[in-house]
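3D, please:
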Amino acid sequence: MIHWLQTSTAGLLTLAAVSIAVLLFLIIKVKVEPFIALIVVGLLTALAAGVPVGTLVGTAQKTSDSLLEKGFGSILGHIAAIIGLGTLLGSILEKSGGARVLTSALLRAFGEKRAPLAMGLSGLIFGIPVFFDIGIFVLAPLVYAAAKQGGRSIVLYAMPLLAGLSITHAFIPPHPGPVAAAGLLHVDLGWLILMGAVCGIPAWFIGGILYSTWIGKRVDVPLAEDFAKLAGEEGEQDGPAPSLKLVGGIIAVPLVLILLGTFGSILLPKGSTGAGIAAFLGTPAIALTIATLLASWLLGRRRGMSGADLAQLSANALRPVAMILLVVGAGSFFGAVLSATGIGKAVAGSLGDAGLPVLLAAYIISCGMRIAQGSATVAIVTTSGIVAPTVLDLHYSQAQLALVVVAISAGSIIASHVNDGGFWIVSRYFGLTVTQTLKTWTALETVLSLSGFGVAALVMALV
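Got it, this is the predicted structure:
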């Protein structure tokens, strides 16, 4: 039995299925923290597959070559600085009032009739540097104001905003999920930004504009009195607001630099000074460091924030990052186990025999992980670890690898329901009942997911 489990394709596939089932059981039923569950299941899977203890955890004298440390370290060395710097940049933009400036300008530009489009663009742009939940906390009062002024259902204004925030959170670096997937599948972040935008913007338009406008006219949720009182508070802040050009410029800096590094290495002569400069400035950690320093000075110190204020802001912003990094590291270890045990190759062979395209398989696995346990980041990291051995053996181009990440990301946002913290944030912040949230938010996430994957599959056929 043990020999069959460790050496045969059927045995390895059985081991993979059991390990994922145990992982979901620990997270959903036992309520174990995902990073602990991933470590435990990874260790048990490795032992069941016959990985020697020395290979798995090293020895008392040396652990640096162990599967456990390499699994964690290989990904954290790549993403820790990126996620940390991205979080700091978003917190400074949020504290300075940049979100209010951006959204207010868009509302003025598009007018009352097109306020839903303005809210959608606000979520899409401001969602790049800030986490999904922070975006809701900051921009919800502006949704209240737009709904109060327009006198229509709050769903009509909230859903486009949520669509923009959701797409950027799942598809665009420096958010943790796509950054982690890029590290596991060895994708250049410039390509991921490009393909994330190519697939994400059409999905946002389909879900955030077309579907949200349709559902907003059919689910009538008047603005609650408590929210109406908050509608006038969004403009309160210390000191004058930063300019729109400044806010937009700071958001654009890291994206432009990363894209410069990616395509500069292709277009400029290898070994030239220009290529070296582009590579340096386009390194994600360098690009985000430059943007964070600019934001700290232009939106912080120049506008009255002291060094102590910035230090406290940074400390508060980085607290949630620790758990994200632990989940990503543990997911990377789980993926390393699947690769080292031969489970990854067994899965690849089975997909080939079944004729199931890797892009579709990655999407389906991600959908299953999302629906089962609720976290988009956990779904992305776990799915990336599962499919990495298969994908890396196919020798895909960078564009194709980026599209696989997009497919995984699309699956990670499908059918948000009661096991997802975002479901309850949306319900609470916009005064929706559980039934109304299922009809609007859950359906919106599903439309975004299917649209994003559909575009990714179409582009995959062309590249």
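
OK, contacts around residue 455?
Contacts for residue 455 (C-beta atoms under 8 Å, 6 or more residues apart in numbering) come out as 198, 199, 202, 203. Where you see a C-beta, it was placed from the backbone N, CA and C, and this is true even at glycine.

name the element the second one belongs to?
In this case it means residue 199. Assigned by DSSP states H and E, residue 199 belongs to helix 189-204.

how deep is residue 44 tucked in, by neighbour count?
16 (other C-beta atoms under 10 Å).

okay but it is in contact with residue 19, surely?
Yes. With contact defined as C-beta atoms under 8 Å, residue 44 counts as touching residue 19 (7.3 Å).

Phi first, then psi, for the residue nearest to residue 299 when sequence neighbours are not counted.
Using C-beta to C-beta, 6 or more residues apart in numbering and skipping the chain neighbours, the partner closest in space to residue 299 is residue 96 (3.9 Å). When read as degrees, to the nearest 10, the backbone of residue 96 gives phi -80, psi -10.

can you pull the contacts of residue 96?
242, 247, 295, 299, 300, 303.

sorry, back to before: what comes into contact with the very next helix or strand once past the helix holding residue 199?
Of the helices and strands lying after helix 189-204 in sequence (DSSP H and E), the nearest is helix 212-216. In this structure, residues lying in contact with helix 212-216 by C-beta under 8 Å, 6+ apart are 116, 120, 152-153, 155-157, 159-160, 163, 439-440, 443-444.

nearest to residue 253, of the residues you listed?
Using C-beta to C-beta, residue 120 is the member of the contacts of helix 212-216 that lies nearest residue 253, at 23.2 Å.

The longest helix anywhere in the chain: which residues count as buried?
Ranked by number of residues, the top helix in the chain under DSSP state H is helix 307-340. For helix 307-340, a neighbour-count test (16 or more other C-beta atoms under 10 Å) marks 310, 313-314, 317, 321, 324-340 as buried.

Could you list the buried residues of stretch 19-39?
Result for stretch 19-39 [16+ other C-beta under 10 Å]: buried residues 19-20, 22-24, 26-27, 32, 34-35, 37-39.

Which of these fall within strands?
Judged by DSSP state E, strands contain none of the buried residues of stretch 19-39.

right, and out of those, which lies closest to residue 134?
Nearest to residue 134 among these, with distances taken as C-beta to C-beta, is residue 34, at 20.4 Å.

For the stretch 101-250 of the chain, which segments are assigned as helices?
115-126, 132-150, 155-171, 176-185, 189-204, 212-216, 225-230, 244-267 (DSSP state H, counting those that start in this stretch).

pLDDT of the fourth one, averaged?
What it means is helix 176-185. Here helix 176-185 scores 93 as its mean pLDDT.

and if you look at stretch 387-394?
86.

what residues does it touch?
184-186, 335, 338-339, 343-345, 347-348, 351, 358, 361-362, 365, 401, 404, 408.

can you check stretch 290-306 too?
85, 88-89, 92-93, 95-96, 98, 238-240, 242, 246-247, 250, 253-254, 257, 281, 307, 309-310, 313.

Please pick the buried ones from those residues.
85, 88-89, 92-93, 95-96, 98, 242, 246-247, 250, 253-254, 257, 281, 310, 313.

ok, the closest residue to residue 250 other than its chain neighbours - how many residues close by?
Closest residue to residue 250 apart from its sequence neighbours, by C-beta to C-beta, 6+ apart: residue 295 at 5.1 Å. For residue 295, the neighbour count with other C-beta under 10 Å is 27.

In contact with residue 211, which residues?
159, 443, 444, 447.

so which of the residues you listed comes closest to residue 371?
After measuring the contacts of residue 211 against residue 371 - C-beta to C-beta - the closest member comes out as residue 443, at 14.1 Å.

which SSE is that closest one in?
Residue 443 belongs to helix 443-460, assigned by DSSP H and E.

tilt between that helix and helix 189-204?
Helix 443-460 and helix 189-204 are oriented at 130 degrees to each other (axes from the mean of the first three to the mean of the last three C-alpha atoms, to 10 degrees).

In helix 443-460, which residues are buried?
Those would be 443-453, 455-457, 459-460, for helix 443-460 by 16+ other C-beta under 10 Å.

how far off helix 155-171 does it point, in degrees?
Using the same axes, to 10 degrees: helix 443-460 against helix 155-171 is 50 degrees.

Flag the shaky bits of this structure, pLDDT-wise.
1, 228-239, 348-349, 351-355 (pLDDT under 70).

hmm, 50 instead?
Residues of the chain meeting the criterion pLDDT under 50: 234-236.

Can you point out the buried residues in stretch 369-376?
369, 370, 371, 372, 373, 374, 375, 376.

The first one - nearest residue in space that isn't next to it in sequence?
Counting by C-beta to C-beta, 6+ apart, the nearest residue to residue 369 once its immediate chain neighbours are dropped is residue 379, at 3.9 Å.

Please give me every residue in contact with the one you found.
Residue 379 neighbours (C-beta under 8 Å, 6+ apart): 177, 366, 369, 370, 373, 408, 411, 412.

try 10 Å
Going by C-beta atoms under 10 Å, 6 or more residues apart in numbering, residue 379 touches 170, 177, 331, 365-373, 408-409, 411-414.

likewise residue 319?
residue 87.

Now do the same contact list for residue 250.
Here residue 250 is in contact with 89, 92-93, 96, 98, 129, 242, 291-292, 294-295, 298-299 (C-beta under 10 Å, 6+ apart).

Which of the residues you listed fall in helices?
Reading helices off the contacts of residue 250 with DSSP H, I get 89, 92, 93, 98, 291, 292, 294, 295.

Next, find the distance separating the nearest residue to the fourth one once chain neighbours are set aside from residue 208.
It stands for residue 98. Nearest residue to residue 98, sequence neighbours excluded (C-beta to C-beta, 6+ apart): residue 247, at 4.0 Å. Shown here: residue 247 relative to residue 208, a distance of 21 Å by C-beta to C-beta, to the nearest Å.
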